[in-house]
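Peer 1: need a 3D model of the following:
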Amino acid sequence: MLRLMMECKGKFSHKMLKRSQFTFDNFDENYNFINKELDPISGQETQRILNFSKPVRDIKFRLMDVLASTNEEVVIQQDFILLLEQCLELNPEKRITPKEALKHPFFKNSRPFR
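Peer 2: Predicted coordinates for the structure are as follows:
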């Protein structure tokens, strides 16, 4: 889950990792992510250090591949992308709250499904 989050949003800040309780279960002393996987052949756990400097699979570009056909759909799509980016903010202090999310333009501008 941590790897997928960093693929979409980039690396966690060192400040946030220093305050976290389980940092060194998943990160090395330089705050590089330790990716733990099962080797498909041997069945043993392998560890690989991954250093995320920038997002590699940004959500915006993933969703923009699905082309909206009308101007209204483009606005709704952009509002949805903005809402997702705010919901997936790595720093919990900057992340949108559920109450704020319900007031987001995505919910105000979306028309009900038919």
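Peer 1: CA atoms for contacts and neighbours, from now on please.
Peer 2: Noted.
Peer 1: after the longest helix along the chain, which helix or strand is next?
Peer 2: Ranked by residue count, the top helix of the chain under DSSP state H comes out as helix 71-87. Stepping forward along the backbone from helix 71-87, the first helix or strand reached (DSSP states H and E) is helix 98-102.
Peer 1: roughly how far out does the helix or strand harbouring M6 sit from the chain middle?
Peer 2: Here M6, judged by DSSP H and E, is contained in helix 2-9. A distance of 5 Å separates the C-alpha centroid of helix 2-9 from that of its chain, computed with C-alpha atoms, centre = their mean, to the nearest Å.
Peer 1: beyond it, next helix or strand please.
Peer 2: Going C-terminal from helix 2-9, and assigning secondary structure by DSSP H and E, you next hit helix 14-19.
Peer 1: between the longest helix of the chain and helix 2-9, how big is the angle?
Peer 2: Relative orientation of helix 71-87 and helix 2-9, computed by axes from the mean of the first three to the mean of the last three C-alpha atoms, to 10 degrees: 130 degrees.
Peer 1: buried sites along stretch 83-94?
Peer 2: By neighbour count on 16 or more other C-alpha atoms under 10 Å, the buried set for stretch 83-94 is L83, E85, C87, L88, E89, L90.
Peer 1: list the buried residues for the helix or strand of the chain with the lowest mean pLDDT?
Peer 2: Across the helices and strands of the chain, mean confidence by mean pLDDT, DSSP states H and E is lowest for helix 59-64: a mean of 76. By neighbour count on 16+ other C-alpha under 10 Å, the buried set for helix 59-64 is I59, K60.
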